[in-house]
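Asks: The following block contains a protein sequence and its predicted model.
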Amino acid sequence: DAGVIQSPRHEVTEMGQEVTLRCKPISGHDYLFWYRQTMMRGLELLIYFNNNVPIDDSGMPEDRFSAKMPNASFSTLKIQPSEPRDSAVYFCASKKGGGVNSNQPQHFGDGTRLSIL
Amino acid sequence: DQQVKQNSPSLSVQEGRISILNCDYTNSMFDYFLWYKKYPAEGPTFLISISSIKDKNEDGRFTVFLNKSAKHLSLHIVPSQPGDSAVYFCAASSGYSTLTFGKGTMLLVSP
């Protein structure tokens, strides 16, 4: 079975450019999460969706960050304009039903390593 | 303000011995706990979980212990194998909330 697929795996771009990260969740999963991992803050939740609807975006650091889920098999995280402090590894995860805190674990993609110069 | 703390950034163990990874939490409302394992350049992979109604859960070489009064959980790996070398994340949640992760402990199992 295909896991969570993220693209690109690596992204290097200059400050001020728009960055779009993509995620394909596991088929049949109805929750999708975006995380950011940094040395200082560890793994932190940015936003999550349930049935394609954003439920909690309180972790999104600034208005420069936005996320969409146009359908059950695709989500994007966009940063515009990007800044050097956005450099991090961004993970997407999905899980199947039963409530956000059900005993179904989240399954993670392999992440996008983002470097903003 | 970290609600889930993994105070040991790293741990070294010899192959065949027991690895014990620790995790402390401050939020008494947490009722579900998980451990994830992460290899370099890969995403975290679910390892084992425990509900607050239990104090122990076992899956093969992996056992998680929960001490609610101390707000402490631990992951035991017996026997440890070189392939267990990875970063281990503790995570917790309550009710309908999302997961809160610790910063991870890097385990190195040497042959």
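Replies: The structure has been received and is ready for your questions. Fair warning: this is a prediction, and the values are worked out from it, not measured in the lab. Residues are numbered from 1 along each chain as shown, chains lettered A, B, ... in the order given.
Asks: Next one, pLDDT for residue 62 please.
Replies: In the absence of a named chain, chain A is used. Looking at A:E62, its pLDDT stands at 87.
Asks: looking at chain B here, not the other one
Replies: Value for B:F62, per-residue pLDDT: 98.
Asks: Just list the residues touching the residue nearest to it when sequence neighbours are not counted, thanks.
Replies: In space, and not counting its chain neighbours, B:F62 is closest to B:I48: 5.0 Å by C-beta to C-beta, 6 or more residues apart in numbering or on different chains. The C-beta positions use only the backbone N, C-alpha and C, and glycine is treated the same way. By C-beta atoms under 8 Å, 6 or more residues apart in numbering or on different chains, B:I48 lies in contact with B:L34, B:W35, B:N57, B:D59, B:F62, B:T63, B:V64, B:L75.
Asks: same deal with B:F62?
Replies: Taking C-beta under 8 Å, 6+ apart as the test, what B:F62 contacts is B:W35, B:L47, B:I48, B:L75, B:H76, B:I77.
Asks: Run through the bridge partners of it.
Replies: B:D59, B:I77 (DSSP bridges).
Asks: Number of residues surrounding residue 8?
Replies: All of this is about chain A. Using other C-beta atoms under 10 Å in any protein chain shown, A:P8 has 13 neighbouring residues.
Asks: switch to chain B, that's the one I care about
Replies: 14.
Asks: how close does it get to B:F62?
Replies: 18 Å (C-beta to C-beta, to the nearest Å).
Asks: Report the separation between the closest residue to chain B within chain A and A:N71.
Replies: At 3.3 Å from chain B, A:F108 is the closest residue in chain A, using C-beta to the nearest C-beta. Distance check for A:F108 against A:N71: by C-beta to C-beta, it reads 21 Å.
Asks: Quick check on the two: which one has the bigger neighbour count.
Replies: Each of A:F108 and A:N71 has its neighbours counted (other C-beta under 10 Å); A:F108 has more, 23 against 8.
Asks: For the more buried one, give me its contacts.
Replies: Each residue near A:F108 by C-beta under 8 Å, 6+ apart is listed here: A:V4, A:Y35, A:F91, A:C92, A:A93, B:Y36, B:G43, B:P44, B:T45.
Asks: How about the residue of chain B found nearest chain A, nearest residue that isn't a chain neighbour?
Replies: Going by C-beta to the nearest C-beta, chain A is nearest to B:G43 of chain B, at 3.3 Å. Among residues not flanking B:G43 along the chain, A:F108 sits closest, at 3.3 Å (C-beta to C-beta, 6+ apart).
Asks: any low-confidence regions in chain B?
Replies: B:96 (pLDDT under 70).
Asks: same thing but 80
Replies: B:1, B:95-97 (pLDDT under 80).
Asks: near chain A, which residues of it?
Replies: Within reach of chain A by C-beta under 8 Å from any C-beta of the partner chain, chain B has these residues: B:32, B:34, B:36, B:41-46, B:49, B:51, B:89, B:93-99, B:101-104.
Asks: change it to 7 Å
Replies: Applying C-beta under 7 Å from any C-beta of the partner chain, we find that chain B lies next to chain A at B:32, B:34, B:41-44, B:46, B:49, B:89, B:93, B:95-99, B:101-104.
Asks: ok, back up a step: if we look at the sheet, which residues does the residue of chain A closest to chain B bridge to?
Replies: Beta-bridge partners of A:F108, as defined by DSSP bridges: A:A93.
Asks: Could I get the pLDDT score of it?
Replies: So, for A:F108, pLDDT stands at 96.
Asks: what's the nearest residue to the residue nearest in space to the middle of chain A if we skip its chain neighbours?
Replies: With distances taken as C-alpha atoms, centre = their mean, chain A has A:W34 as the residue nearest its mean C-alpha position (2.7 Å). In space, A:W34 comes closest to A:L46 once its chain neighbours are excluded; the distance is 4.5 Å by C-beta to C-beta, 6+ apart.
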